[in-house]
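# make a model of this:
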Amino acid sequence: MKEVKSPKKPLLYYYGIVLLILAVFNIFISPLLASGQAQDVDYGTFMDMIEEKNIGTVEVGESEIVFTDKDNENLYQTGIMDDPDLTQRLHDAGAVFSGDVGDTVSPLMSFFLTICLPLLIFVLLGYYMSRKLMEQAGGGKNSLAFGMGKSSAKVYVPSTEGIRFSDVAGEDEAKESLKEIVDYLHNPQKYKDIGASMPKGVLLVGPPGTGKTMLAKAVAGESNVPFFSMSGSEFVEMFVGMGASKVRDLFKQAKEKAPCIVFIDEIDAVGKKRDGQMGGNDEREQTLNQLLTEMDGFEGDTGVVILAATNRPESLDPALTRPGRFDRRVPVELPDLKGREEILKVHARKVKAADDVDYHTIARMASGASGAELANIVNEAALRAVRCGRPFVTQADL
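Below you'll find the predicted structure:
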């Protein structure tokens, strides 16, 4: 299966960064550049240039005078002084001069710009912030700070390189039970015509290393539908309510991509029995309550099939394992002799092995081994062959 990466930030985000940079440049850097071009002089130099008629354009501001020489090659600035005859002397010197014209604004417009407009901006900003906080508290798209209430499930899409049932050996009974799920996802109308409804949840139960997660991936690969994968421990957060928010967000995403499969590994981390005592783990119990509601609430068939795996089924809450939520329990036991031999052959495809390797004998010697242990046997044999300088794995390595 191929994991779906998180979407990139919207284009508006980058537009905002560019506008912010331009605003900083105009507010701080542009005045510094402009002020660096004008040369500061005293008022006496300004008067001498007027008398020498070495004056070009003059702009009289409220606190400073900016002027050039006659050839407009150099720019100067000086402060304002009490000089009543300045206008006449500039005219006699042939200078082009002007002063700032103050824009007259009506009192009503001034009241609106100085009081009403800032107040309106703050009201709109407060309304927007309050809405965002309400969405975050309710488990919205970006719930709470740093996305703590957002589901961290990995999303996979159909892929030609996905795991198939042929890649899972030694669990024929479990595969037969799960093939019905695959058939339902391919042909749901066949079941609806007769009035049958597919199990909402399938619980994979078995010892560690027997291939429960591998079977879930094979179901997703055979079904050719989106596959959400998440561990039960990822729902449990430090803050109360965040786990329930993650459950809501996970099922919201799943319903948008229905039909699909949601796989929760090690569900006993969040689905333990509720003791009902005060001072218990309120966060875990709220998360479990939200999971129970999502699996069998008022909504009908949403097209979402729940797969879960655990090696401690006795610790699960009865409300979680009842029909209507996890309708079917699929045991994934340790493989028998034939299953061990098939598992060894599947894992031996990945290594270069000699033609005379007897997998039946090795399977008999590995009595009681799980699929993960058999995969490790093949890998250790390949490492031993490398240490001994052999280009392939022999019976002795295994």
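
# which residues in the stretch 51-200 of the chain form strands?
57-60, 64-68, 75-79, 96-99, 154-157 (DSSP state E, counting those that start in this stretch).

# ok now do residue 91, which residues does it touch?
residue 97 (CB atoms under 8 Å, 6 or more residues apart in numbering). Heads up, the C-betas are built off the backbone N, CA and C, glycines and all.

# same check on residue 210?
Neighbours of residue 210 in contact, by CB under 8 Å, 6+ apart: 171, 332, 333, 334, 335, 370, 371, 372.

# go through those residues and name the one nearest residue 97.
residue 372 (90.3 Å; CB to CB).

# need the max-distance pair from the contacts of residue 210.
333 and 372 (13.8 Å).

# could I get the full set of helices for the stretch 151-300 of the chain?
172-186, 188-194, 212-223, 242-256, 282-295 (DSSP state H, counting those that start in this stretch).

# lowest-confidence stretch among the strands of the stretch 51-200 of the chain?
If you rank those by mean pLDDT, strand 154-157 sits at the bottom with a mean of 60.

# biggest helix in the protein by residues?
As assigned by DSSP state H, the longest helix anywhere in the chain is helix 117-137.

# next, the angle from that one to helix 242-256.
Angle, helix 117-137 to helix 242-256, by axes from the mean of the first three to the mean of the last three CA atoms, to 10 degrees: 90 degrees.

# and the contacts of stretch 366-381?
Stretch 366-381 has contacts (CB under 8 Å, 6+ apart) with 169-171, 207-211, 214, 334-335, 337, 340, 343-344, 347-348, 350-351, 362, 393, 397-398.

# what's the closest non-adjacent residue to residue 223?
residue 185 (4.4 Å; CB to CB, 6 or more residues apart in numbering).

# ok, that neighbour - contacts?
223, 225, 259, 261, 305.

# cool, and residue 83?
residue 43.

# do you know the pLDDT at it?
The model's pLDDT for residue 83 equals 80.

# please report how far it lies from residue 304.
84 Å (CB to CB, to the nearest Å).

# and the helices of the stretch 151-300 of the chain: which comes nearest residue 97?
Per CB to CB, nearest to residue 97 of the helices of the stretch 151-300 of the chain: helix 242-256, 67.7 Å.

# from the chain's centre, how far out does the closest one sit?
When distances are taken as CA atoms, centre = their mean, to the nearest Å, helix 242-256 is centred 13 Å away from the chain's centroid.
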